[in-house]
Every structure is written in structure tokens, then in C-alpha cells.
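Trainee: Okay, predicted coordinates and the sequence, questions at the end:
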Number of protein chains: 2
Amino acid sequence: MENFTFQNATKIIFGKGTESQAGAETARYGKKALLHYGGGSIKSSGLYDRVCRSLKSSGVEFVELGGVKPNPRLSFVREGIKLCREKKLGTILAVGGGSVIDSAKAIAIGVPYQGDVWDFYAKKASPQESLPVGVVLTIPAAGSEASNASVITNEEGLFKRDAGGDCLRPKFAIMDPELTFTLPPYQTACGVADIMAHVMERYFTRVGAVDFTDRLCEATLKTVIDATPVALAQPDNYDARAEIMWAGTIAMNDLLGTGRVADWASHYIEHEMSGIYDVAHGAGLAVIFPAWMKQVYRSDVNRFARFATRVWEVEPRFDFPERTALEGIERMKSFFRAIGLPTTFKELGLPGDRLEEMAKKATEKGPLGNFAKMGLQEVTSVYKLAL
Amino acid sequence: MENFTFQNATKIIFGKGTESQAGAETARYGKKALLHYGGGSIKSSGLYDRVCRSLKSSGVEFVELGGVKPNPRLSFVREGIKLCREKKLGTILAVGGGSVIDSAKAIAIGVPYQGDVWDFYAKKASPQESLPVGVVLTIPAAGSEASNASVITNEEGLFKRDAGGDCLRPKFAIMDPELTFTLPPYQTACGVADIMAHVMERYFTRVGAVDFTDRLCEATLKTVIDATPVALAQPDNYDARAEIMWAGTIAMNDLLGTGRVADWASHYIEHEMSGIYDVAHGAGLAVIFPAWMKQVYRSDVNRFARFATRVWEVEPRFDFPERTALEGIERMKSFFRAIGLPTTFKELGLPGDRLEEMAKKATEKGPLGNFAKMGLQEVTSVYKLAL
């Protein structure tokens, strides 16, 4: 186990009807807020009205900036920064999923910063200060509600990049599983793939003696594997939605990475796909992860065999560990297919003609990954395995 | 799953040599500290010198109050409060295990409070304010390094009582598994029983649809069950010590209780034993928990069967769920015995002549427990089953 520091102060407010606390929680951080959200779904569901009422009843004035797109854009972030500065807004309430939250975080670190906010994503600066951000979560997926990261796409060049730092953790996250009842099946499944990917990026490590966090990872994966078919068959099954939602936060709040060195190659490999083709991040991950696994499993067959037996209940074959390992990868692919996700470029409807370009962009700052080092050649190979 | 709020801001600094950060972390909260510790073991091990050096090099002046006893005493807490007030100490660094940390927490909430600190333990007041407390942990057991609770014994009447509240969470916890290499086997095992008890108090709940936290609980239990025999056979096995140490924090930092209603009857039943006889809390729990289980398992045989199959790897017998459940309890008893713990009053060397008195004290404020309600009669029955 590696030495580590772990601190996560985000206040989780979880359960039915908790969105009524949005106003009181926001008021702790400021009386003038930016209300940041995505498309119209929060209006048609009535959530928008409930949140506005809660803000008003707590005496919070707010300015709205709706219209955040999936794979949120830098230009829109800049608009938000300008708006916060002009209107002197001291806090941000993000109502939505990972894209809205990541956009809110970008605005929040951009406002007090003298330079251009893209500096944080281009790794020219590291964020030291942030407006306080609160969240009402509507999509369990990114885990951004308690994470220290934000991912933004720069339209000039279609670069999808991340920024990180402790000041990016939201102050509070309101999580009502009922808000996810109306998520379409495909979006539910994409969220689950993202959650699983966050666990697997941490699970596949070369650090030894990490039994406790291994088991916590396995517990998290098994939970969503069990709950997802239920949530898809019965979209208003509170229990299944709640399991997925809470697991999604823990998958990304850094607990599961304590004492480990995570990999993250698959995320960066996928970012180039969703940067160029604007596909759903979770769907991209369902395509990339099995390919990445096939590329790298020989570096540590035992770990992949453990994954297969503990998570996917493959019968352990110590005489054929490689077969056990591969069977685990196949079961994961079958699971993705069963919940309606693509597992190849073809199924995702993507052409295979820009693999080299994506691999170049993915590795422009050096090789990816920690479980196995992935240079240009290896990343290209992963894309090919994913065709 | 029940609605819940979860926030744990304690900064965990984990790994080899981390005690050198004690000074810098303490300095964030004040330049005049109380250094609180127990017996001489931190002096003979050299830890005391290292911590003092670290404090001095960070410019922290400190006043010492050593000599905290296991089952820490109210009179000593009062001494600490007086000392902090007289010397105007603004922060407390606790170096030790649960007793030292709980004593430090009691002092920390006592200093800013106008009334008598016992009010918090007698539940006449709830703590709203606390001096900042930092921890250098030497015994994985109580989980007090990141918990919101403190347990103190009032010598007048030998009442062992707890106080709780968010302000009781330490600001930071420095956890170096190497500091636990010198723990004697019995103390190591007592710590493990305490850790397991903290998980089991949460695991045995009547709240349904808590699959994720069930799995996290099972992961935590399996980790310490695997690691403990290794740590006992090789006291300087860093990996095993590290697994136990980190599991001990998670067992008690409230994550595992999210969405659930915990039981806690066994803890209160044990408190009366260690209050009167001054036995090690973990040893008392190893005696009480199997007895409590035998008393209550019929209230939810399925949950006990799950415990048996998932944690103790008992073969599931759906035709005889009760047999499966009982086999799990037996395996837990065997495990306690195998790591050198008593599982009966007799093995613990206690007489059985004050059962009624203890049961009366345990239930003086009403019945205990949530998994099963335990009145005077049921608590007496648990003590009898434990003879």
C-alpha cells in the first residue's frame, strides 16, 4: 500500500425530497448565486420550480445560466465566468449531471483567477481558489458531485481536458434517487458504465497489498451490476436507483483509490473519442474498456483473474489463469451489451478513420496509464481492438 | 434505504513516517497546543520524541498531559480542561489510541462549554463547539480518529457513557501502520474485535434495500479477518497492519452506516462490563457479540444467513437457513478464539454475580437496540448467554 492523504469534506444529503434543502444549503455560502443547469428536462420534471422556490424561501437571489451541453464547452464556461463577475455572484448551484457540475466547477475556479480558465485544463496552472459550488444531482455517472475534478471540452481543436484540485470539491451534494426515475434507459446505462470505469481505473493497479480497497472496489462494482438491470426494468424502483446513485459517488470520491496508483489510460483514450465525435462518455468507455483490458491483461493476469472471479463470479481455474481472466472481460462485455451499451466503434456508429489522430492527441504529453504504459502504438492498438 | 446526511472532513494522512507531519498539521489550528497521551509506550518507542521535534520545528508550543488510562476517566478530562483554560491552549494533539483520543475530544468540547463536561455524556446538552483536535494514531480499534463520538467513564458510579456530534470529528488523523508493530498480540486482537463490532453494529439493521453498504461492510469484515492472523504471526508485517488500520477508520467514520439504522445494543451492553470491571473494550465485545447474536438472530434469520455466507463463507443452505445462520455465529466465535480472545465471561475471568445490576444500568434510559429491542430481561439474557 502506498502512503496517501485523503480528505473529502463534501456534505452528502441523500434521499427522497432532499432537493427542498437546496436553498438553505446554498444560503450558507452566499446570498447571490448562479443557478447553472442543462436542457429543459429539469423544467418539465418540476425540479426547476422546486429548486427556485427553495432558493427564494432561503433568501437567495439568483441569476440563471441554463443550456450546458453534454461534454461541456469552454466558451460557455467563459460566459459563466463573465456573468458571475458582472453580477457579483458569490456561489454556484449546479442542477444536473456531470456536465453541468463540471461546467460549474470550471466557472467557479475561473472567477477568482486572473488568467484564462483554460490554463487549469492545459495544466499551465493549478487551481488554488474557487467559488463555493453546491449540487443537486440528476444523473448518477461522473461522480463529480464529490470529486476534485472537472472535464471541459475546448471547441478550438476539440480538446477534452481535465483539471483537478481539492478546491474543486463541491460543498454539498443533494442526491434524490427519485430525480433519476425519468432517465432514459440508454443514459442510465451510460452512467453505470462511467461509474464502473471509475472503479476499474483504480482497481487495475500495480501497487501490491491493497486488499481492503480491492474489496471496496469489488463491492461497488457488484452493487451496480446487480442494481442496473432492476433500474432498467423498473425505472421507478427507488431502491435500485438509490444503490446506483450512492455507488456512483463513492466510485469517484477518492476513497477507492487510497493507497493505490490508479491507471486512467482508458479515460484519456475515450476523451479523444467524445472530444471529436461528441459521443456519450459512458458509451465510449463501454467500447474502450474491454479493448484496453485485452491489450494489457497479460501485464498482470492474476489481477484480471481476481477481477473475473470476485466481480463476475467466473469459476476460478488456477490451471488456466489466463482463461479465467479472459472470461471476466467477456462477461463484462456481455453485461454492457445486456444493458444496451455498445462495445465496439461499429456498434457506437463511429467510423474508424481517425484512430491515428486520436492516438496522437491522447499521447501528446507522453504515454498514458500506470497499470501499463501506453504510447502511441499501444493506444492505436486499443482503438483497433475496439473497432 | 433511509434518507441520510453524510459528511466527514477529517484529513487522513496515512503511511510510513507520516508522524513527521504532526507539527505542521497542528500549526494550522494553533501555536499553543495540549499534547495528550497515555502511558510510557510512546516514550520507549521514540514516537514521543519525534512528535515533540515535529511540533517544535513548526513553532508549536505545547503543554503535556500524559497518563490517560484505558476507559478514560472523567476526573482526568476535567484536569485537562482546567489546564487548557489556564494555559490558554487553543488546540489538542492526541497521540495514542481510542482512549487518548476520546479523552482529548472530551477536553476539547469541555473547554468552550460553560457547564460541566459530563452534561454531554449524560445527554443533558449536546456539544456545539470544540477546540480543534488532531490525532497521531497508535492503536487501530476505536475508529475515534475520524468518528464523531467520545466515550468517557465517570468514576462516581462507574458510568461509561458516550457523547456525539459533528464538532467531535478530529481535524486530521496521522496513521502510520509502523507505529502498531509493537502492539502486543492481545491488544491487536482486542482492536480487531472492536473494529468488527463497529461494522456489525451497522450491518445488523432492519432497514431493507441497503445492498451497497451491506457489501462495503462485508468487504471491511473480510479484510480484517484475512489480515489479523498475518499481523499476529508477523507483528512487523506492514501490509497486514496497514489493512487493519485503514479498515478500522472506515468501520467507524459513518460511511458504512449511511442509509441504515444501526443497532448499538452490544456496545452498550459491553460498556457496563468495562465500566465495572475495567476490561478491554474489544475483549468485552468478543464476549457479548456472539451472545447478542444468539439472542436476536431469529428476528431476521435471512440477514444472519447472509452474514454467515458472505463474511464467513458458510455454504448456503436454503433448506436450513437457521442452521446457516448459527454456523456463521460459531465461525465468528472460532475466529475470536483463534486470535486469542475470550468469548465468555469465564474466559475473560469475570464473575457472573452482577448481571442484574449491569442490565439495570444498561437499560436505565429505556430499551437498547434497533435490530431487536432489548429491555431489562433481554439484556440479562444476553449476559447469561455470555457466561
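Mentor: The structure has been received and is ready for your questions.

Trainee: Show me where the stretch 1-150 of chain A has its helices.
Mentor: A:22-27, A:41-44, A:47-57, A:74-87, A:98-110, A:118-121 (DSSP state H, counting those that start in this stretch).

Trainee: What count of nearby residues applies to residue A:301?
Mentor: Residue A:301: 15 surrounding residues under other C-beta atoms under 10 Å in any protein chain shown. (C-beta placed from N, C-alpha, C; glycine too.)

Trainee: on that earlier part again, quick one: closest of the helices of the stretch 1-150 of chain A to residue B:313.
Mentor: With C-beta to C-beta as the criterion, residue B:313 lies closest to helix A:98-110 of the helices of the stretch 1-150 of chain A, at 38.0 Å.

Trainee: pLDDT at residue A:158, what is it?
Mentor: Reported pLDDT at residue A:158 in the predicted model: 82.

Trainee: hang on, it packs against residue A:275?
Mentor: Yes - judged on C-beta atoms under 8 Å, residue A:158 makes contact with residue A:275 at a distance of 4.6 Å.

Trainee: pLDDT score assigned to the closest residue to residue A:25 other than its chain neighbours?
Mentor: Leaving out its chain neighbours, the residue that sits closest to residue A:25 by C-beta to C-beta, 6 or more residues apart in numbering or on different chains is residue A:172, at 4.7 Å. Note for residue A:172: predicted pLDDT of 98.

Trainee: Phi and psi next, for residue A:172.
Mentor: Main-chain torsions, residue A:172, degrees, to the nearest 10: phi -150, psi 160.

Trainee: What of the one 10 residues further on?
Mentor: Residue A:182 adopts backbone torsions of phi -90, psi 0, taken as degrees, to the nearest 10.

Trainee: Identify the residues contacting it.
Mentor: Counting by C-beta atoms under 8 Å, 6 or more residues apart in numbering or on different chains, residue A:182 touches A:41, A:45, A:235.

Trainee: Sort those by pLDDT and name the bottom one.
Mentor: Out of the contacts of residue A:182, that is residue A:41, at 91.

Trainee: give the contact list for that one.
Mentor: Residue A:41 makes contact with A:138, A:182, according to C-beta under 8 Å, 6+ apart.

Trainee: how close does it sit to residue A:52?
Mentor: Distance, residue A:41 to residue A:52, using C-beta to C-beta, to the nearest Å: 15 Å.

Trainee: try residue A:155
Mentor: 30 Å.

Trainee: cool, residue A:67 as well?
Mentor: Residue A:67 is 16 Å from residue A:52, by C-beta to C-beta.

Trainee: Then residue A:291?
Mentor: 44 Å.

Trainee: What of residue A:59?
Mentor: Distance, residue A:59 to residue A:52, by C-beta to C-beta: 13 Å.

Trainee: Tell me which residues are up against stretch A:323-331.
Mentor: Identification of contacts with stretch A:323-331 by C-beta under 8 Å, 6+ apart yields A:290, A:293-294, A:297, A:301, A:304-305, A:307-309, A:311-312, A:314-317.

Trainee: Then stretch A:50-58?
Mentor: So stretch A:50-58 is in contact with A:19-24, A:26-27, A:33, A:35, A:42, A:62, A:93, A:95, A:136, going by C-beta under 8 Å, 6+ apart.
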